[in-house]
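A.B. asks: model the structure of this input:
(one chain, ligands or ions: 1)
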Amino acid sequence: MAAIKGIVGAENVLEAYEDRYCYTYDASAVTAGREGTPALVVYPGSAAEVSALLVLANAHKIPVIPRGAGSNVSGGSIPRAGAMVMVLTRMNRIVIIDRRNMIAEAEAGVITADFQAEVEKLGLFYPPDPASKAFSTLGGNVAECAGGPRGAKYGVTRDYVLGLEAVLPTGEIVKTGARTMKCVAGYDLTRLITGSEGTLAVVTKVIVKLLPLPEAKKTLLAVFADMDRAAETVSQVFMAGVVPTTLELLDNIYIRNIEEYVHIGLPVDAEAVLLIEVDGDPAVLDKQAGIIARICREQGATEVKVARDAKEADELWVARRAAFAAMSRVRPTVIGEDCTVPRDRIPEMVRAIRAIAAKYDIIIAVLGHAGDGNLHATILTDERDREEMARVEQAAAEIFTATLAMDGTLTGEHGIGLVKKKYLPLEMGEGGMMAMRAIKRALDPNNILNPDLI
Ligand SMILES: Cc1cc2nc3c(=O)[nH]c(=O)nc-3n(C[C@H](O)[C@H](O)[C@H](O)COP(=O)(O)OP(=O)(O)OC[C@H]3O[C@@H](n4cnc5c(N)ncnc54)[C@H](O)[C@@H]3O)c2cc1C
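C.D. replies: Here you go, the predicted structure:
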């Protein structure tokens, strides 16, 4: 302990049981509870401190759990007993926003929304926008390769990461990628570490590319009396040649509960709504919004509303971001799956989720970043009810099997974590698992970094 305090300063180490207990949770339904209480929580202030901590942990084979805001929903920052939780939030400096080259460099603990606000002041745009952006960190976003509603047009975190500063489990500080738009020197370590869920390296700095801030946006709400038609509309919009910034699908359970929570006049009798945004040159926005509205009507939308102004549009997006919180008022345990399928299979996937909910007699609400095929089948349950949890487990397994049968993936953005670990071989196959184990062994020979994940 003295050595650790010597590295980061005694004021940056938590030892009291009550403090350590607070780090046995993240936003998933997994909790380490008493058994998994970490030995200590440390807040390093630099890559050099992270490195010194890892050298020490590696020598003594102490498990290390990197942590940003702890907002992941896959059990990714749940420690095992005796572990060192390493929280990166002290490292929260934006190093540079380089307008001429349209890149920025920031430390891992910077809050995503704060970073976006700073780049926007300069007329620039960092698109990845997890609904948790008000509290998630850039390091956590990189580790999970976070996505968000804007993924339909702009992609996910990995599409913006040009390079990293990261510390390997053995303590070496590595710089990957470059401050350039192109870089093919050596293996693509940037991509390897991005999405590795904190199992291969601790990210300390992130270099990202930026875009010009879109001049304007338009938000539409299409109301459907039939879920199938709403789901079918998703690929029809893209086939018409319009790429919306976001295309979110919400079912009736979500609509009702969000409305009860935020009171903005959502259509509570609708079977489904599509919340759609287009952005860019104001000269083309009306045309794009017109095409989308026409397609929605042709597909059976009973109403298509266009937000009159920024305030009305903001209300809709605030409501969308409150979705998770709204659902947690229904049942105490909310499990947000994030299976992702090819866009044209969304209707089939929604039908499968509903059939599975009926079969196991549980509540599963459906919300999706449908524009990129990412469906959040949201299981509303109570983890204290063991009998119901057994049914939930079976239902989740069936959702995963259905997803893979539809050429989908187990996770589009939330990560495998502890939650889906046992299902990963179904997607990766033995060869894929073998390759991943070989990479993990090469970089982390003593298996100290997030040893229980993936
Ligand atoms: C209300 C709500 C809405 C959400 N919406 C979205 C969404 O739209 N899209 C989406 O993708 N996710 C979403 N999430 C999930 C979550 O916010 C993201 O996974 C986010 O990227 C996690 O960031 P964090 O800073 O909280 O990381 P944490 O939860 O602390 O950590 C996540 C994982 O990364 C590792 N890690 C953290 N920091 C580092 C680092 N510096 N170096 C190496 N490893 C690290 C941890 O060990 C852990 O495995 C949502 C969560 C909530 C609660």
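A.B. asks: for the stretch 201-350 of the chain, what lies in contact range of the ligand?
C.D. replies: Contact residues, the stretch 201-350 of the chain versus the ligand (C-beta under 6 Å from any ligand atom): Val202, Val203, Phe324. Heads up, the C-betas are built off the backbone N, CA and C, glycines and all.
A.B. asks: highest neighbour count among the residues you listed?
C.D. replies: Highest neighbour count within those: Val203, with 32 neighbours (other C-beta atoms under 10 Å).
A.B. asks: does it belong to a helix, a strand or coil?
C.D. replies: Judged by DSSP: H, G, I helix; E, B strand; the rest coil, the three-state class of Val203 is strand.
A.B. asks: pLDDT at it, what is it?
C.D. replies: Looking at Val203, its pLDDT reads 98.
A.B. asks: what does Val330 give?
C.D. replies: Per-residue pLDDT puts Val330 at 91.
A.B. asks: how about stretch 58-75: buried residues?
C.D. replies: Using 16 or more other C-beta atoms under 10 Å as the test for burial, stretch 58-75 gives 58, 62-75.
A.B. asks: now stretch 367-382 - C-alpha only, PDB.
C.D. replies: In PDB, the C-alpha atoms belonging to stretch 367-382 read as follows (Å, rounded to 0.1, in the frame of the first residue of the first chain):
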ATOM      1  CA  LEU A 367     -36.000   0.400 -28.400                       C
ATOM      2  CA  GLY A 368     -33.400   0.600 -31.100                       C
ATOM      3  CA  HIS A 369     -30.800   2.600 -32.900                       C
ATOM      4  CA  ALA A 370     -32.700   1.000 -35.700                       C
ATOM      5  CA  GLY A 371     -30.800   2.900 -38.400                       C
ATOM      6  CA  ASP A 372     -27.800   0.800 -37.700                       C
ATOM      7  CA  GLY A 373     -29.700  -2.400 -36.900                       C
ATOM      8  CA  ASN A 374     -29.000  -2.100 -33.100                       C
ATOM      9  CA  LEU A 375     -32.000  -3.200 -31.100                       C
ATOM     10  CA  HIS A 376     -32.100  -2.700 -27.300                       C
ATOM     11  CA  ALA A 377     -34.400  -5.500 -26.200                       C
ATOM     12  CA  THR A 378     -35.000  -4.200 -22.700                       C
ATOM     13  CA  ILE A 379     -35.900  -6.800 -20.100                       C
ATOM     14  CA  LEU A 380     -37.800  -5.400 -17.200                       C
ATOM     15  CA  THR A 381     -37.500  -7.700 -14.200                       C
ATOM     16  CA  ASP A 382     -36.500  -8.000 -10.500                       C
END
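A.B. asks: would you mind listing the buried residues in that stretch?
C.D. replies: Using 16+ other C-beta under 10 Å as the test for burial, stretch 367-382 gives 367-381.
A.B. asks: which one of those sits closest to the ligand?
C.D. replies: Closest approach to the ligand among the buried residues of stretch 367-382 (C-beta to the nearest ligand atom): His369, at 7.1 Å.
A.B. asks: let's see which of the buried residues of stretch 58-75 end up in strands.
C.D. replies: Using DSSP state E, the subset of the buried residues of stretch 58-75 located in strands is Val64, Ile65, Pro66, Arg67.
A.B. asks: show the end-to-end separation of stretch 182-199, please.
C.D. replies: End-to-end distance of stretch 182-199 (C-alpha to C-alpha, to the nearest Å): 26 Å.
A.B. asks: what segments of the stretch 201-350 of the chain are strands?
C.D. replies: Taking DSSP state E, counting those that start in this stretch to define them, one finds strands in the stretch 201-350 of the chain at 202-209, 211-212, 216-224, 246-251, 272-280, 303-306, 333-336.
A.B. asks: which residues are contacting the shortest one?
C.D. replies: The one in question is strand 211-212. The contact list for strand 211-212 (C-beta atoms under 8 Å, 6 or more residues apart in numbering) reads Met102, Gly123, Leu124, Phe125, Tyr126, Pro127, Tyr154.
A.B. asks: ok and the residue in the stretch 351-454 of the chain nearest the ligand?
C.D. replies: Among all residues of the stretch 351-454 of the chain, Glu413 sits closest to the ligand, at 3.3 Å; criterion: C-beta to the nearest ligand atom.
A.B. asks: and what of the stretch 151-300 of the chain?
C.D. replies: For the stretch 151-300 of the chain, C-beta to the nearest ligand atom, closest residue to the ligand: Gly198, 2.7 Å.
A.B. asks: once you drop chain neighbours, what's closest to that residue?
C.D. replies: For Gly198, ignoring the flanking residues on the chain, the nearest one in space by C-beta to C-beta, 6 or more residues apart in numbering is Pro66 at 4.2 Å.
A.B. asks: likewise Lys421?
C.D. replies: Leaving aside its sequence neighbours, Lys421 sits nearest to Ile454 (C-beta to C-beta, 6+ apart; 6.3 Å).
A.B. asks: now swap in Glu312 and tell me
C.D. replies: Spatial nearest neighbour of Glu312, chain neighbours left out: Thr219 (7.7 Å); criterion: C-beta to C-beta, 6+ apart.
A.B. asks: burial measure for that neighbour, as a count.
C.D. replies: For Thr219, the count of nearby residues is 25 (other C-beta under 10 Å).
A.B. asks: find the nearest non-adjacent residue to the most centrally placed residue in the chain, please.
C.D. replies: The structure's the chain has its C-alpha centroid closest to Ala146; by C-alpha atoms, centre = their mean the separation is 3.7 Å. Closest residue to Ala146 apart from its sequence neighbours, by C-beta to C-beta, 6+ apart: Pro130 at 4.3 Å.
A.B. asks: list the contacts of the residue of the stretch 351-454 of the chain closest to the ligand.
C.D. replies: Here Glu413 is in contact with Pro130, Glu144, Cys145, Ala146, Gly147, Gly148, Gly151, Val156, Asp338, Thr340, His369, Asn374 (C-beta under 8 Å, 6+ apart).
A.B. asks: residues touching the residue nearest to Gly198, list them.
C.D. replies: Contacts for Pro66 (C-beta under 8 Å, 6+ apart) come out as Ser77, Met86, Leu88, Gly139, Ala143, Gly198, Val202, Val203, Leu449, Asn450.
A.B. asks: closest to Ile253 out of these?
C.D. replies: Ser77 (28.5 Å; C-beta to C-beta).
A.B. asks: and this structure, what are its domains?
C.D. replies: Domains of the chain are assigned by automatic domain parsing as 2-87, 95-212, 216-325, 331-427.
A.B. asks: format these as CSV; extra columns: distance to Ala442.
C.D. replies: Formatted as CSV, the domains of the chain follow (distance: least, C-beta to C-beta, whole Å):
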stretch, distance to Ala442
domain 2-87, 14
domain 95-212, 9
domain 216-325, 37
domain 331-427, 19
